[in-house]
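Enquirer: Just to be clear, the model below is a prediction. Sequence and coordinates:
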Amino acid sequence: MGSETQLKLPFIDFTNLDQNTKTNDWNLTKSQVHRALEEFGCFEATFSDIQPELHTSVFDSLQELFDLPLQTKLKNRSTKPFHGYVGQYPMVPLFESMGIDEAPNPDKAESFTKILWPEGNPKFSKSIQEISEKLSKLDQMVRIMVLESLGLEKYMDEHMGSTNYLLRVMKYKGPETKDTKLGLNSHTDKNIVTILHQNQVDGLEVQTKSGDWIKVQPSPNSFVVMIGDSLYAWTNGRLHSPYHRVMMSGDNARYSFGLFSIPKAGYVVKAPQEVVDDEHPLIFKPFDHVEFLQFYYTEAGQRAPSALKAYCGV
Ligand SMILES: O=C(O)CCC(=O)C(=O)O
Ligand SMILES: [Fe+2]
């Protein structure tokens with residue numbers, strides 16, 4: 001249990017795929033996606049649609065954002081945990097993050113930008129919006145493939161229409177020692193699908209079902225696609241939702257961001273009858289994601305090995 005290995009995440013190429021033209025390639029990719037998500041809950045994806053200039057301008061923008069004075073960063077407040085500015089946590093002092101609700105929407109990206117730069121910052125709002133919009137296309141392709149491969153097509157509109165997007169941008173300071181230090185605690189994501197991207201400083205580790213940690217080493221044009229607990233619950237455990245953490249070493253700061261698709265408040269996550277049978281008895285009672293998150297941030301929720309099982313396990 002828990003040994004470090006040279007294991008790698010599956011690598012899946014989404015280049016030239018289009019959700020509106022279901023070619024043979026679409027079907028082949030779909031079966032790779034299904035297998036990877038059953039086994040690892042996670043894979044590395046390439047996606048041709050992102051130009052190197054956009055990659056560079058997003059990471060320039062993240063550096064500019066985290067270089068702002070603390071007083072300015074604190075202006076991004078939210079009533080929802082991890083949607084506003086997060087930093088200086090005693091448990092994970094290297095970590096800070098900002099949440100941008102509905103970042104694929106140009107008006108929302110612009111109004112977020114105005115909170116930090118009242119005079120505007122078009123390069124920032126444009127790059128953040130563009131990358132989020134492109135990643136939302138990858139999120140949608142993955143979710144369509146998941147529903148098709150589980151024979152749940154009839155829920156497509158309900159499923160796709162029941163989520164919001166949150167872009168979270170993150171900075172991890174280098175620990176400036178030879179030792180490896182925790183950047184972000186081991187956790188499972190609580191949402192539907194997360195798509196992660198980083199600058200060239202590695203640190204993300206994903207745990208396999210047998211307890212080994214995979215050190216993820218993505219290339220500049222690849223993304224990590226990961227299943228969260230809400231999709232794990234909705235598919236009644238057919239897809240895995242992996243524990244992952246960030247381990248930092250050396251002097252360099254790591255910048256990363258994730259596009260999170262999240263169930264809307266009031267939407268009840270309930271596994272369809274098609275994925276429940278004698279061999280796969282129901283794992284979780286139906287739950288409202290926002291109410292579940294409120295539990296997750298209580299002491300009991302933080303202490304539980306699986307907050308979702310503690311909250312609504314059958
Ligand atoms: O920075 C990363 O690569 C991972 C971040 C993460 O796991 C999260 O925000 O939930
Ligand atoms: Fe995460």
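Expert: Right, received. Where do you want to start? Numbers count the residues shown, from 1 in each chain. Ligands and ions are numbered 1, 2, ... in the order given.

Enquirer: Averaging pLDDT per element, find the lowest-scoring helix or strand in the protein.
Expert: In the chain, no helix or strand scores lower on mean pLDDT, DSSP states H and E than strand 86-87, which sits at a mean of 88.

Enquirer: Is there contact, residue-wise, from the host helix or strand of residue 225 to ligand 1?
Expert: Element membership for residue 225 (DSSP states H and E) is strand 222-227. No. Shown here: strand 222-227 not in contact with ligand 1 (C-beta under 6 Å from any ligand atom), separated by at least 7.1 Å. Using the backbone N, CA and C atoms, a C-beta is placed for each residue, glycine as well.

Enquirer: Quick check: mean pLDDT of the helix or strand following that strand?
Expert: Beyond strand 222-227 on the C-terminal side, the first helix or strand identified by DSSP H and E is helix 229-234. Averaging pLDDT along helix 229-234 yields 98.

Enquirer: Run through the residues that contact residue 312.
Expert: By C-beta atoms under 8 Å, 6 or more residues apart in numbering, the contact set of residue 312 is 233, 284-287, 292.

Enquirer: where exactly do the strands run in the stretch 51-200 of the chain?
Expert: Under the criterion DSSP state E, counting those that start in this stretch, strands of the stretch 51-200 of the chain are mapped to 86-87, 95-101, 163-172, 181-187, 193-198.

Enquirer: Confidence-wise, which of those is weakest overall?
Expert: Looking at the strands of the stretch 51-200 of the chain, the bottom one is strand 86-87 with a mean of 88.

Enquirer: Sheet partners, orientation included, of that strand?
Expert: strand 95-101 (antiparallel) (DSSP bridges).

Enquirer: by how many degrees do the partner strand and strand 163-172 diverge?
Expert: 160 degrees (axes from the mean of the first three to the mean of the last three C-alpha atoms, to 10 degrees).

Enquirer: export strand 95-101 as CSV, just CAs?
Expert: Output in CSV follows, covering the C-alpha atoms of strand 95-101 (Å, rounded to 0.1, in the frame of the first residue of the first chain):
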residue,chain,number,x,y,z
PHE,A,95,-1.3,27.0,-1.3
GLU,A,96,-3.6,29.8,-2.4
SER,A,97,-6.5,29.9,-4.9
MET,A,98,-9.2,32.0,-6.4
GLY,A,99,-12.5,30.9,-7.8
ILE,A,100,-14.2,32.4,-10.8
ASP,A,101,-17.8,31.4,-11.1
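
Enquirer: What parts of the stretch 101-250 of the chain come near ligand 1?
Expert: 168, 170, 184, 189, 196, 198, 204, 244, 246.

Enquirer: want to throw these into JSON lines with neighbour count?
Expert: Putting these into JSON lines (neighbours: other C-beta atoms under 10 Å) gives the following:
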{"residue": "168", "neighbour count": "19"}
{"residue": "170", "neighbour count": "21"}
{"residue": "184", "neighbour count": "22"}
{"residue": "189", "neighbour count": "23"}
{"residue": "196", "neighbour count": "23"}
{"residue": "198", "neighbour count": "24"}
{"residue": "204", "neighbour count": "23"}
{"residue": "244", "neighbour count": "24"}
{"residue": "246", "neighbour count": "23"}
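
Enquirer: Determine which two of those residues are furthest apart.
Expert: 189 and 198 (15.8 Å; C-beta to C-beta).

Enquirer: Residue 132 contacts residue 103, doesn't it?
Expert: Yes. The criterion here is C-beta atoms under 8 Å, and residue 132 meets it with residue 103 at 3.8 Å.

Enquirer: shared neighbours of those two, anything?
Expert: 109, 165, 167, 259.

Enquirer: and the host helix or strand of the last one, how far from the chain's centre?
Expert: Using DSSP H and E, residue 259 falls within strand 254-263. With C-alpha atoms, centre = their mean, to the nearest Å as the basis, strand 254-263 stands 4 Å off its chain's centre.
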